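J.: just a sequence and a predicted model for now, questions to come.
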Amino acid sequence: MATSSPNSSTAPSSPEEAEQLIRHICHHGFRTSDEIQQAIDSQFLPHADQILALPKTTHFTDKRPFWSVVPWALAQKCYPLLRYLIHNGWEMNRAHVGTTGCASLLGERAVLRDIDLTRFLLAQGMDPRVGNTPPPAPRTPTRGSIGWLLYLAAMFSSLETFTLLHSHGANLSYAHALHGAAYGGPSQIPIIRHLLDSKAVDVDELDVYHVPHIGTPLLAAITKGHVEVVRVLLEYGAHPLACIKSPYETSAEESARALGRRDEGASKEILRMLEEARGEREKEGRLGNIPVTGGRISTFS
C-alpha cells in the first residue's frame, strides 16, 4: 500500500533533501496523483539538474520503483523523473507483463501513442525485443511474447512509431501485426498498406500464435465492423471465404451477418463486398485455397 511522503509540502533546502524525498515516493508510492505531481513540481523539478548530476546509485536496482510510479511517469511524460530512475539503477528492460500483455514498457498505451516518448525510451536503452518466444499452436494466451509489442503498435500507434519500433528490432514474425491493425480500425490503414506493400506479411495470415484465434485479418476487421479496413484487405486479395473451424465455427459471411445485430449498415456493405470479391475470384478461377483456422487449407470446387 502506498504511504505518504515525508514533508511533501515543504520545499527542501538542498538537492540532496529533494532527492531523498523523491526517492521515498518512488520506493513507497503515493496516495493520489496530486500528491506526486505536487512533489515533482515544487520540490523535484527545481533541483532536477543538480539531482541528475549526483553520482549514480543502485537505489532502484536493489529495490524496484513502486508499481504505480513508472506508469504515472509515462502517462505524464515526466522525462526528468524517468531519467532519475534510470540514473539510479532502474532496470527498465526487466520483463514485466503489464495490463497490455506486453513484456516491454514500450507497449504501454501512453508510449504507443506518443512517438517522442518512444524515441526517448529507445535512446535511453529500452529494448523492444524483450519477451518470450511463443510455442507453436499455443493453448493459452501468449501474453509477454516477443511479438506482442508490434501487435499493439499496429493497433494503436502511428505508422511512424510502428516502423521506428520495427527498425530497432521489435519482432514481426510472432506479432500478427496485420490482425492488430485490422482490429485498430480505419486509422491504422497506413500500417496495413505498409505491411502488405512491403510483403512483410500475408494478407490471409492465420493468427497461429494468438489464443483465442480470430482467423485472418479480414475476419478480425469484420468482427469489429471496420468497413473501410475490409475494403482495403479485399483490395489486397484477402480471401472472402476465410473461416474458422476450431475452437468454434464461423466464416467471413457469417461474421458479417452477425454484425447486423449491432450495425445493420456495416453488415450490408461488408456482405456486398464479400459477394463481389467472391464473384471476381470465381471468374478468374481463384476460389480455392480457403484459409481455415483450426483445420487444413481448403479448396473450393
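T.: Structure received.

J.: any idea how far Ala252 is from Leu259?
T.: Note on Leu259: its distance to Ala252, by C-beta to C-beta, to the nearest Å, is 11 Å. The way it works is simple: take the backbone N, C-alpha and C, and place the C-beta from them, glycine included.

J.: the more surrounded of those two?
T.: More crowded of Leu259 and Ala252, by other C-beta atoms under 10 Å: Ala252, with 31 against 22.

J.: what's the more buried one sitting at in phi/psi?
T.: Note on Ala252: backbone dihedrals following degrees, to the nearest 10 are phi -60, psi -40.

J.: could you check the pLDDT of the closest residue to it other than its chain neighbours?
T.: With C-beta to C-beta, 6 or more residues apart in numbering as the criterion, Ala252 has its nearest non-adjacent residue at 5.1 Å, and that residue is Ala242. We have a pLDDT of 94 for Ala242.

J.: can you check Pro6 too?
T.: Reported pLDDT for Pro6: 56.

J.: returning to that earlier point: need the residues touching each of Leu259 and Ala252.
T.: Ile222 (C-beta atoms under 8 Å, 6 or more residues apart in numbering).

J.: check contacts around Gly185.
T.: Going by C-beta under 8 Å, 6+ apart, Gly185 touches 224, 226, 229.

J.: thought the second one was touching Pro186?
T.: Same thing as His226. Yes. Using C-beta atoms under 8 Å, His226 makes contact with Pro186 at a distance of 6.3 Å.

J.: which one's more surrounded, the two?
T.: Legend: neighbour count by other C-beta under 10 Å for His226 and Pro186, higher for His226 (24 against 14).

J.: what's the closest non-adjacent residue to that one?
T.: Residue nearest to His226 in three dimensions, not counting chain neighbours: Gly185, with 4.9 Å by C-beta to C-beta, 6+ apart.

J.: look up phi and psi at that neighbour.
T.: phi 100, psi -170.

J.: pLDDT wise, what is it at?
T.: 98.

J.: state the distance from the residue of the chain most remote from its centre to His24.
T.: Distance from the C-alpha centroid of the chain peaks at Ser13, with 42.4 Å (C-alpha atoms, centre = their mean). Distance check for Ser13 against His24: by C-beta to C-beta, it reads 16 Å.

J.: do the same with Asn88
T.: 13 Å.

J.: looking at the two, which is more packed in?
T.: Asn88 (22 against 19).
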